[in-house]
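J.: below is the sequence, then the predicted model.
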Amino acid sequence: MPAQQPAAAPYTVVSKEGRRPLPVRNIGGQEMFALDDLARLFGLTVREDAAAGAITVTSGAETIVLSLQQPLASIAGRMISLPAAPAREGRSWYVPVDFVGRALGPGATARIELRKASRLVLSGDIRMPRVAARVEPLGSVTRVTLDVAPATPHAVAQDGARLVIRFDADALDAPDLRAAPTETLQNIRVGDAPQAITIDLGPRFASFRASDQAGAGNALRIVIDLMAQTETPAPGTAPATVPPPGAAGPPPLLDLPTAAPRTIVIDAGHGGDDTGARGAQGTLEKNVTLAVARRLKAALEARLGVRVLLTRDGDQPVPADQRAALANNNKADLFISLHANASLRPSVSGAEVYYLGLQGAESGDASAARAAEALPIVGGGTREIEITPWETAQARHLEQSAGLARAVAAALRDRVPLNARALQQAPFRVLVGANMPAVLVEMGFLTNAPQERQLASDEYQNAVAQALLDAIVRFRGSAGTP
């Protein structure tokens, strides 16, 4: 019997159900898993054939034959080498940890992925990108570079004395995030939530800017520059906050005009029992709109540094008026409602952009003039305040909404197919009460088979998000915008 060596640290199996330890034995200089543990975790059937000198492992429709004497496994006649042959201890057989990655994972019905560097085994549809960090002091700037694989939507925002990078993932594979402190950075670590990286800011931090770069393959590189104050603050002074858009400080990544929006509301159409349109392959409008809304939020926060609110960040129903009310209550500068279209004709395709049509509605100036009321104030006298009736809130912004719709249509034209009637007006309820420039974007037709595949793809959703980002920059930089 092979000599047993000191116990090794266990691996962790990560799935939608949570995290479970997977014990490891060090046998003959090799880290090994017990086949009994693998069978229990992944629903395997294990059978020993002593006469043939083999172990048969069945995973779904796949059969793996392990040689008892040689470091080899056979799958459908294809030979796979292993670091060591199976080893027996008591009544249990053990296999090298590489068995999971080389033999079990490739043939499994559900995803099984071995990550030796992090001592992880990923099981099922779990989104867990790898994140590696590098910190470089560059004079008064500390540059933090995060290499993320695969590329994952994210948002960068300041929360008091820390910077938080939140990813659209279930968890992060970030085993080593240590960094030497600088004047603008104290530490970098996995955040309180498993989907976030936290940068603890140093005493001389003043502001930051973030940008994304394409990495090798399907990877993403996030570059965050932490700028230092020009003068040392008094002892005990808290780190300075990021200047709001338009205030003095380092320029943003994109050159925006001084009238750049500070708050943008993105409305992911439908939700909950209201699934919206449905494609022949089962793609639901409510899922597409939420996915694009999250991507757009991450892009706007990372590239422009603006405040972005979603009318829903989960699968819940939200009434149409409540969506506009969220934008009004937060004094949003722009409102963009995302949808996917449907048609009785399966050949119809292409994105469309709408702004509100108010046939017979009075102008914004007229409605405002009629809605001025005098209210008493403390100390005597009255003060006139402007009350905007809900049904005419959008009327005063129709000119700007039309300009935003034109900018969105132009930006979409550069990246995705457009319908022949790309720019239209319609009395959509979700736009009626929005007291700011507002548009509704139909990103494509789920009833068109090729377009359903596009709408469900990462590539198309990223293209729509990037087009909307371009449109916002174009709209706010155009002449005549408020």
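T.: Ah, there it is.
J.: from here on, just use CA atoms for contacts and neighbour counts.
T.: Fine.
J.: the stretch 151-300 of the chain: helices as residue ranges?
T.: Assigned helices in the stretch 151-300 of the chain, in chain order: 285-304 (criterion: DSSP state H, counting those that start in this stretch).
J.: likewise for the stretch 351-482 of the chain?
T.: Secondary structure of the stretch 351-482 of the chain, counting by DSSP H, counting those that start in this stretch: helices at 364-370, 398-413, 429-432, 449-455, 458-477.
J.: what about the closest residue to residue 150 other than its chain neighbours, distance to residue 192?
T.: Across the structure, with Cα to Cα, 6 or more residues apart in numbering as the measure, the residue nearest residue 150 apart from its sequence neighbours is residue 219 (4.8 Å). Distance of residue 219 to residue 192, computed by Cα to Cα, to the nearest Å: 24 Å.
J.: more crowded one of the two?
T.: When residue 219 and residue 192 are compared on other Cα atoms under 10 Å, the one with more neighbours turns out to be residue 219, at 17 against 10.
J.: can you give me the distance of the more buried one to residue 118?
T.: Here residue 219 is placed at a distance of 18 Å from residue 118 (Cα to Cα).
J.: same check on residue 172?
T.: 11 Å.
J.: reformat the helices of the stretch 351-482 of the chain as a markdown table; add mean pLDDT, mean neighbour count and distance to residue 30.
T.: Converted to a markdown table, the helices of the stretch 351-482 of the chain look like this (pLDDT from 0 to 100; neighbours: other Cα atoms under 10 Å; distance: least, Cα to Cα, whole Å):
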| stretch | mean pLDDT | mean neighbour count | distance to residue 30 |
| --- | --- | --- | --- |
| helix 364-370 | 40 | 14 | 76 |
| helix 398-413 | 94 | 22 | 55 |
| helix 429-432 | 92 | 22 | 62 |
| helix 449-455 | 96 | 18 | 45 |
| helix 458-477 | 90 | 19 | 40 |
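J.: which of those helices sits closest to residue 27?
T.: helix 458-477 (43.6 Å; Cα to Cα).
J.: need the contact partners of the closest one.
T.: With contact meaning Cα atoms under 8 Å, 6 or more residues apart in numbering, helix 458-477 is reached by 256-257, 259-261, 291-293, 295-296, 299-300, 403-404, 407-408, 410-412, 414-416, 443, 454-455, 481.
J.: go on, stretch 276-296?
T.: 153-154, 168, 266-271, 274-275, 310, 312-315, 338-342, 446-449, 452, 455-456, 461-462, 464-466, 468-469.
J.: got a ChimeraX select line for the buried ones in those?
T.: Those of the contacts of stretch 276-296 that meet the burial criterion (16 or more other Cα atoms under 10 Å) are gathered into one ChimeraX selection, given here:
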select :153,154,168,266,267,268,269,270,271,275,310,312,315,338,339,340,341,342,446,447,448,452,455,456,461,462,464,465,466,468,469
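J.: remind me which residues of the stretch 301-450 of the chain are low pLDDT?
T.: Where the stretch 301-450 of the chain drops to pLDDT under 70, the residues are 358-391.
J.: which parts of it are strands?
T.: Taking DSSP state E, counting those that start in this stretch, the strands of the stretch 301-450 of the chain run over residues 307-310, 334-341, 351-356, 372-376, 382-386, 418-426, 438-445.
J.: okay, residue 135 and residue 222: tell me how far apart.
T.: For residue 135, the distance to residue 222 equals 12 Å [Cα to Cα].
J.: what's the overlap in contacts for those two?
T.: Listed contacts common to residue 135 and residue 222 are residue 145; contacts here mean Cα under 8 Å, 6+ apart.
J.: re earlier: now render the strands of the stretch 301-450 of the chain as TSV, adding distance to residue 188.
T.: Rendered in TSV, the data for those read as follows (distance: least, Cα to Cα, whole Å):
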stretch	distance to residue 188
strand 307-310	23
strand 334-341	34
strand 351-356	41
strand 372-376	53
strand 382-386	48
strand 418-426	43
strand 438-445	38
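J.: hang on, isn't residue 115 packed against residue 128?
T.: No: Residue 115 is not in contact with residue 128 according to Cα atoms under 8 Å; the separation is 11.0 Å.
J.: quick one, grab the pLDDT at residue 247.
T.: In the prediction, the pLDDT value recorded for residue 247 is 35.
J.: now residue 298
T.: In this model, residue 298 is scored at 88, pLDDT.
J.: wait, it touches residue 165, no?
T.: No: counting by Cα under 8 Å, residue 298 sits too far from residue 165 to count as a contact (9.7 Å).
J.: more neighbours, those two?
T.: In this view residue 298 and residue 165 are compared by other Cα under 10 Å, and residue 298 has more residues nearby, 25 against 20.
J.: which residues in the stretch 151-300 of the chain form strands?
T.: If you assign secondary structure with DSSP E, counting those that start in this stretch, the strands in the stretch 151-300 of the chain sit at 154-159, 162-167, 185-190, 196-201, 205-214, 220-228, 263-268.
J.: understood, closing this out.
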